[in-house]
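1. Provided below are the primary sequence and the corresponding predicted coordinates.
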Amino acid sequence: MEEERLKPTTTPGMAFQSVIFEQTDNTAYLVFDRVEEKFLVCNDVWRSYTHDETDYIPLRRLPWPTAHLPRDESEEQLFNEIRQFFFDHLDVANELLYDVYSCFVMASWRLEDFTVVPYLFFLGPMSSGKTRALECFQRLCYRSIMATSMSAASLFRALEAWHPTLLLDETEIYNHDNMVEVLALLNSGYRKGQCAIRVDKVENGTPQIAMFDTFGFKVLAGTEELAATLQSRCIITSMSKAVRQVRLFVDEERAQELRDKLLMYRFRKLGRNIQNLEPEGLTQNARVIELFISLIQVAPNEEIRQRLLICMKGIVRTQLDEEQAGIEARVFDAVQKCQDHVEDGKLATAVIAEVFNEGLTEKEQITVRFIGRKLRALGFERCRVGKKGQAGLHWDSKLLDRLRARYRLPAPQLTSVTSETSETSATTDQRDQEITPKAELTEETEVTEVKSETGQKSSLGVKDGLDSFKAVYYVDGSYGWYPCAVCGQTKLTGYQGESFKGEKLWLCEDCKTEWERAREVANSDG
């Protein structure tokens, strides 16, 4: 037992409840007491460290840029310096992304604090700055590894052992069949507790299964879009050639200074000041929330958090636009338009295909079989229709309401009574009326008239002001695009105000904040 205890474990560093140690550029450890918040010293340098009767020794050589001597810096100042580093080296169209990059770097030094982390994906043609972006992250992120020349087996073992920040260039190669293992690694690595499973070796004819913990931050770059499942885990930057002057070479001295400050940031902040944020609403965009949670948690002040939220809402809007233009939304819209053709609660797939293909060229038209597959993906139950037993679907009013809300599509105008029961038709009409105002809105729409929950119209507008409300509250699960009853602009919100007339009307977050301020002033005056 004594010999087994003395067998050292090779590691670049570990974090325990009472102590953190990390390997620096001189093949030795820096050891930080988390309780006393001070460095532990020994006679020479920490060539090894023992914790709970386990001996740890450094790696012979580190595969990532290292820190040298930790330096204290305020969180806000550190954020600003990182942001300026990216701005000086990288030109992107959306300046909010510099906030994303800076918080991503800071969060990478606190990986253990999070249960879900985002990936970054730089998408663009050749010579558009993608590799430069990876170089910047490689200089600043925690244990950053450029993995262009690593085999899949090496990647699995490196992630399991060190949980580095993984940087992958030319991701288009991962769409090939021979790189399916790397895709499995990436798909499983954004959430803590998910493992990639693969056959490690075969002993006596029996496969030995190995599980690899691939959790960690990752930055990808490529000229082609990723597989849909992987791309949904990414905050995407569309790259193009720089239109302003950026540094030709990476400023290595500044990068070293920032790594030194980031190591001190890790020592002092790991496991501290992390709030369990549960953003309300956005139930249809939970994946987008997951992408930003860790970034918002490390943002050093409220102004930066608000900028991150603006960026997040922009991604939500873009995803909604893409969904509405997608093939599934178009198939669903065709289903809606076929309501007059429903017989005995069933609708033939061929009818849907005919409506979908109307006005399209022969090359653009799709087959009945393709429509059938998309209907199954949308959640419709298949059935046989008519005497000839044609393929069809069961007309499901509840599912139609859910899909209409998901794709923000208006309900079609009925031109005739279907063969459904009167009760079902009435229920469908009522639901259509409830969802139509929300579904027809766009970001640019200005509305001075909205419906209350009772279905009555309200003329409340800007002229009535905030004084018309006696209460404002958040409606769980309602986050979406609504017209604000005060300013008339359509914005992402989940807040409703109750007027003194008993009407319940949507309020944007800005007007809700102004209402709260006005209420505080009124209370203080009283």
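-> Structure's in. What do you need?
2. tell me the strands in the stretch 251-400 of the chain, going along the chain?
-> 346-348, 382-385, 390-394 (DSSP state E, counting those that start in this stretch).
3. In a markdown table: those, plus mean neighbour count.
-> In this view, the C-beta of every residue, glycine as well, is placed from N, C-alpha and C. As requested, the strands of the stretch 251-400 of the chain are exported to a markdown table (neighbours: other Cβ atoms under 10 Å):
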| stretch | mean neighbour count |
| --- | --- |
| strand 346-348 | 21 |
| strand 382-385 | 16 |
| strand 390-394 | 19 |
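4. any low-confidence regions in the stretch 351-500 of the chain?
-> Within the stretch 351-500 of the chain, the stretches with pLDDT under 70 are 413-464, 476-480.
5. Can you give me the buried ones in stretch 260-271?
-> Buried residues in stretch 260-271, counted by 16 or more other Cβ atoms under 10 Å: 260, 261, 262, 263, 264, 265, 266, 267, 268, 269, 270.
6. what's in contact with it?
-> Stretch 260-271 is contacted from outside by 15, 20, 22, 24, 30, 32, 34, 37, 67-73, 75, 78, 81, 105-106, 109-110, 112-113, 140, 142, using Cβ atoms under 8 Å, 6 or more residues apart in numbering.
7. Narrow the residues you listed to those in helices?
-> Using DSSP state H, 75, 78, 81, 105, 106, 140 are the members of those that sit in helices.
8. Go ahead and confirm the third one touches residue 258.
-> Yes - Residue 81 sits in contact with residue 258 when judged by Cβ atoms under 8 Å, with a separation of 6.2 Å.
9. out of these two, which sits in the busier spot?
-> Higher neighbour count among residue 81 and residue 258: residue 258, with 22 against 15, using other Cβ atoms under 10 Å.
10. By residue count, which helix of the chain is the longest?
-> Per DSSP H, the chain has its longest helix at helix 302-325.
11. quick check: mean pLDDT across that helix?
-> The pLDDT scores in helix 302-325 average 86.
12. among the contacts of stretch 260-271, which ones are buried?
-> The buried subset of these - by 16+ other Cβ under 10 Å - is 15, 20, 22, 24, 30, 32, 34, 67, 70-71, 73, 75, 78, 105-106, 109-110, 113, 140, 142.
13. Including distance to residue 473, could the buried residues of stretch 260-271 go into TSV?
-> Listed next are the buried residues of stretch 260-271 as TSV, based on distance: Cβ to Cβ, whole Å:
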residue	distance to residue 473
260	47
261	43
262	41
263	45
264	43
265	38
266	40
267	42
268	39
269	35
270	37
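14. So which of these sit within helices?
-> 260, 261, 262, 263, 264, 265, 266, 267, 268, 269.
15. Same list (those) but as a markdown table, adding pLDDT.
-> Formatted as a markdown table, those follow (pLDDT from 0 to 100):
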| residue | pLDDT |
| --- | --- |
| 260 | 96 |
| 261 | 97 |
| 262 | 97 |
| 263 | 96 |
| 264 | 96 |
| 265 | 96 |
| 266 | 96 |
| 267 | 95 |
| 268 | 94 |
| 269 | 94 |
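16. Looking at those residues, which is nearest residue 156?
-> residue 266 (24.9 Å; Cβ to Cβ).
17. Redo the ones in helices among the contacts of stretch 260-271 as TSV? Include distance to residue 379 and pLDDT.
-> Below are these laid out as TSV (distance: Cβ to Cβ, whole Å; pLDDT from 0 to 100):
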residue	distance to residue 379	pLDDT
75	45	95
78	47	97
81	49	98
105	40	98
106	40	98
140	44	98
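18. how about those residues in a markdown table, adding distance to residue 386?
-> Formatted as a markdown table, these follow (distance: Cβ to Cβ, whole Å):
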| residue | distance to residue 386 |
| --- | --- |
| 75 | 68 |
| 78 | 69 |
| 81 | 70 |
| 105 | 62 |
| 106 | 62 |
| 140 | 65 |
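19. Confirm that residue 207 sits in a strand.
-> Yes - assignment of residue 207 by DSSP: H, G, I helix; E, B strand; the rest coil places it within a strand.
20. Now it: closest residue in space that isn't a chain neighbour?
-> Using Cβ to Cβ, 6 or more residues apart in numbering and skipping residues adjacent in sequence, the residue nearest residue 207 is residue 199, 4.7 Å away.
21. before we move on, which element is the one you found in?
-> strand 195-203 (DSSP states H and E).
22. Which positions in that strand come out as buried?
-> 196, 198.
23. That strand pairs with which strands?
-> Applying DSSP bridges, strand 195-203 is found paired with strand 206-213 (antiparallel).
24. Show me what secondary structure element comes after the strand it pairs with.
-> strand 218-222.
25. Show the contacting residues for the closest residue to residue 390 other than its chain neighbours.
-> Once flanking residues are discounted, residue 390 sits nearest to residue 348: 4.9 Å by Cβ to Cβ, 6+ apart. Each residue near residue 348 by Cβ under 8 Å, 6+ apart is listed here: 341, 385, 386, 390, 391, 392.
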